[in-house]
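1. got a sequence here, can you model it:
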Amino acid sequence: MPARTLRRCLPLVLFLGACGGGMTGTYADEDGVSSLEFKDDGTVYMSLLGVTVEGEYELDGKRVIIAGPNGSQVLTKDGERLEGGLGMTYVKQ
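-> Numbering: from 1, shown residues only. The predicted model follows:
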């Protein structure tokens with residue numbers, strides 16, 4: 001592959017690599033009613049009262065942006081905690 005082609009493709013490869021989630025693990029609310037399971041490929045499984053749906057997430061600094069079938073949500077990562085609106089807090093399990 002010519003060097004010129006490599007130079008043109010490198011920014012795209014770096015951009016696509018940055019689009020992945022990069023976060024793994026399960027976070028649950030303090031009451032055990034809902035949980036979020038993050039995969040490093042940008043997939044998140046959101047469970048509430050035994051029902052699980054799949055969505056996507058992306059990291060933007062300390063913000064975790066989740067997009068699911070019912071809309072989007074932004075959480076703030078604070079160490080091992082994710083904090084959302086209305087006092088919702090998830091703790092890493």
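2. could I get the full set of helices for the chain?
-> 3-18 (DSSP state H).
3. so where's it shaky on pLDDT?
-> For the chain, the stretches with pLDDT under 70 are 1-21.
4. tell me the bridge partners for the spatially most central residue of it.
-> For the chain, Y57 is the residue whose C-alpha lies nearest the centre (Cα atoms, centre = their mean; 3.3 Å). On the basis of DSSP bridges, Y57 takes part in beta bridges with I66.
5. got a list of what it touches?
-> The contact partners of Y57, by Cβ atoms under 8 Å, 6 or more residues apart in numbering, come to G21, M23, F38, G42, T43, V44, V64, I65, I66, A67. Any C-beta I mention is one placed from the backbone N, CA and C, and that applies to glycine too.
6. only whichever of those residues are buried, select them in ChimeraX.
-> Here is the ChimeraX selection string for the buried members of these, based on 16 or more other Cβ atoms under 10 Å:
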select :21,23,38,42,44,64,66
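7. wait, which of the contacts of Y57 is closest to T89?
-> Of all the contacts of Y57, T89 sits closest to V64, with 12.9 Å by Cβ to Cβ.
8. now do the strands in this structure.
-> 25-29, 34-38, 43-48, 51-60, 63-68, 71-78, 81-83, 89-92 (DSSP state E).
9. single out the most deeply packed of those strands.
-> Compared across the strands of the chain, strand 34-38 shows the largest average neighbour count, a mean of 19 (mean count of other Cβ atoms under 10 Å).
10. quick one: work out the angle between it and strand 43-48.
-> Angle of strand 34-38 versus strand 43-48, following axes from the mean of the first three to the mean of the last three Cα atoms, to 10 degrees, is 170 degrees.
11. output the contacting helices and strands for strand 34-38.
-> Counting contacts by 3 or more Cβ pairs under 8 Å, 6 or more residues apart in numbering; DSSP states H and E, strand 34-38 packs against strand 25-29, strand 43-48, strand 89-92.
12. partners of it in the sheet?
-> Its sheet considered, strand 34-38 pairs with strand 25-29 (antiparallel), strand 43-48 (antiparallel) by DSSP bridges.
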